[in-house]
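Enquirer: This is a predicted model, with the sequence first.
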Amino acid sequence: MIWLALGLGLLALWLWRRSNQLRTSTGLPWRTVVYHDTAHRELTKALFSARYQLTGKPDYVLADGKALIPVEVKPQRQATSPRQGDILQLAAYCLLLEEATGIAPRYGLLRYAQHTFQVDWTDQLYQALLEALDAMRDDLELNDVERSHEQPWRCRACGFGDRCTDALEYD
Ligand code: SF4
């Protein structure tokens with residue numbers, strides 16, 4: 001019996017150390033994970049705001065007292081500062097969580113390959129998000145929208161490359 005208890009104790013110790021290593025490797029703070037989209041604890045459906053006509057699902061949601069913290073993970077992204085598009089995506093999750101819970105997140109987290117960035121959910125970011133959403137909706141009305149080639153690698157991976165007249169050419 002004592003061997004069984006000893007074995008269980010060692011197993012518990014190994015699991016505890018393993019979970020510590022995994023959590024440290026994510027670069028995320030020590031908070032309760034309310035939800036994550038990387039295994040089997042998925043939200044039953046995406047967050048949706050009728051008021052803003054916006055929908056989306058963050059990769060993780062952490063508990064922050066009564067408020068929640070959305071987390072967006074870009075494991076391939078190598079950058080030392082957060083990209084504007086990623087900030088706006090995280091802002092959209094902040095807005096969706098605020099709409100869903102009635103409590104505004106104080107911030108969201110962007111996790112890149114090497115860095116985790118805290119993005120504060122401010123009035124300025126809220127305004128920037130609304131402006132970006134308006135601009136996107138305006139573009140939806142247009143018949144002809146100029147393509148952006150700010151991220152040329154997207155063309156190589158794009159499923160419309162064989163039909164798109166603006167596709168970049170690669171050797
Ligand atoms: S192939 Fe056309 S649609 Fe696709 S990324 Fe390139 S420009 Fe955009």
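Expert: Everything's here; your move.

Enquirer: Just the CA trace of the top strand by length along the chain, in CSV.
Expert: Secondary structure assigned by DSSP state E gives strand 67-73 as the longest strand of the chain. Extracted C-alpha coordinates of strand 67-73, given in CSV (Å, rounded to 0.1, in the frame of the first residue of the first chain):
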residue,chain,number,x,y,z
ALA,A,67,-13.8,40.2,-16.0
LEU,A,68,-12.2,38.0,-18.7
ILE,A,69,-9.0,38.3,-20.7
PRO,A,70,-9.1,37.3,-24.3
VAL,A,71,-5.9,35.7,-25.7
GLU,A,72,-4.9,35.5,-29.3
VAL,A,73,-2.0,33.2,-30.2
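
Enquirer: Can you pull the residues of the chain lying near the ligand?
Expert: Residues of the chain lying near the ligand by Cβ under 6 Å from any ligand atom: 147, 154, 155, 158, 160, 161, 164, 166, 167. All C-beta atoms are positioned from the backbone trio N, CA, C, and that covers glycine.

Enquirer: And those residues, which of them are buried?
Expert: For the residues of the chain next to the ligand, a burial check counting by 16 or more other Cβ atoms under 10 Å picks out residue 155.
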